[in-house]
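Novice: Provide a 3D model corresponding to the input given below.
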Amino acid sequence: MAQQGVHLRPERVAYWYLRLNGFLQIENFVVHPTRRGSQRTDADLLGIRFRHRAEFAFDHSEPMVDDKRLLLSPCFDDVVITEVKTNQPCTLNGPWTKPDREIVHRVLAAIGCLRHEEIGDAATRIYTDGVAIIGHTRVRLVAIGRDRDPGLRERYREVLQLTWQDIIGFIWDRFERYRLQKGNVEQWDPCGRHLRRLARSYDQHTFLKTVCQAMGLQQPPFP
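Specialist: The predicted structure follows:
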């Protein structure tokens, strides 16, 4: 039986969802001030996934299938700036919605995914729609929360909203479908190992409820 009473930080559960979909990530990516003082803001997760990703491409007839909800494309290297909420609907913090602060400009410059002369145009598109496509690079805002927010959808039509049910359900399916391939995970961090243990111990519905409880989700978004 899987270990009980383990707290799972929502940011780490989201991290493992993105990692299982091929994203390389930095947690709590800080935008530092230009002068002495407190940080400007931070992104809960900053990730990049290269467009030619194909896990198990040389070991099986078909590569591993990633989550279609991420709207991944073989045409783009995907950069995601991800905001994580636990008991709130999907939302974006102020710095990602206020063009005058130029936080997105600074993030794009810091990670170096675009040329300097492309940053202004890309940031404008992100502030307007939530996504910018420059050449073979797509930069997107992603909001993770308990429920999707129609208001966020109306204001930022291209911001990807993912619920905990989406994320946790995918994690269970990945571990179940690839039980043999994901068998040896002792080098993973405690969150990743615990998620796998729970997935091996429970059916999908029980896994969803158990992980939500371990995350501190007050009202699981399913019966």
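
Novice: Contact partners for the closest residue in space to residue 178 that isn't next to it in sequence?
Specialist: By the measure of Cβ to Cβ, 6 or more residues apart in numbering, the closest residue to residue 178 outside its immediate chain neighbours is residue 64, 6.7 Å from it. (Each C-beta comes from the backbone N, C-alpha and C, glycine too.) By Cβ atoms under 8 Å, 6 or more residues apart in numbering, residue 64 lies in contact with 54-56, 178, 181.

Novice: want to throw those into CSV with neighbour count and distance to residue 87?
Specialist: Formatted as CSV, those follow (neighbours: other Cβ atoms under 10 Å; distance: Cβ to Cβ, whole Å):
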residue, neighbour count, distance to residue 87
54, 12, 36
55, 16, 33
56, 12, 36
178, 16, 31
181, 14, 34
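
Novice: Same list, the residues you listed, but as JSON lines with secondary structure and pLDDT please.
Specialist: JSON lines is the format used below for the contacts of residue 64 (DSSP: H, G, I helix; E, B strand; the rest coil; pLDDT from 0 to 100):
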{"residue": "54", "secondary structure": "coil", "pLDDT": "86"}
{"residue": "55", "secondary structure": "coil", "pLDDT": "82"}
{"residue": "56", "secondary structure": "coil", "pLDDT": "71"}
{"residue": "178", "secondary structure": "coil", "pLDDT": "89"}
{"residue": "181", "secondary structure": "coil", "pLDDT": "80"}
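
Novice: right, and out of the residues you listed, which lies closest to residue 44?
Specialist: residue 55 (24.3 Å; Cβ to Cβ).

Novice: I figured the closest one hits residue 63, correct?
Specialist: Yes: shown here, residue 55 and residue 63 form a contact pair, counting by Cβ atoms under 8 Å, at 5.9 Å.

Novice: re earlier: let me know whether my guess that the residue nearest to residue 178 is in a helix holds.
Specialist: No: counting by DSSP: H, G, I helix; E, B strand; the rest coil, residue 64 is not part of a helix but coil.

Novice: hang on, residue 42 in a helix?
Specialist: No: under three-state DSSP, residue 42 falls outside any helix and is assigned strand.

Novice: Spatially, what comes nearest to it if we skip its sequence neighbours?
Specialist: Nearest non-adjacent residue to residue 42 (Cβ to Cβ, 6+ apart): residue 30, at 4.6 Å.

Novice: got it, and residue 7?
Specialist: The nearest residue in space to residue 7 (Cβ to Cβ, 6+ apart) is residue 214, at 6.1 Å.
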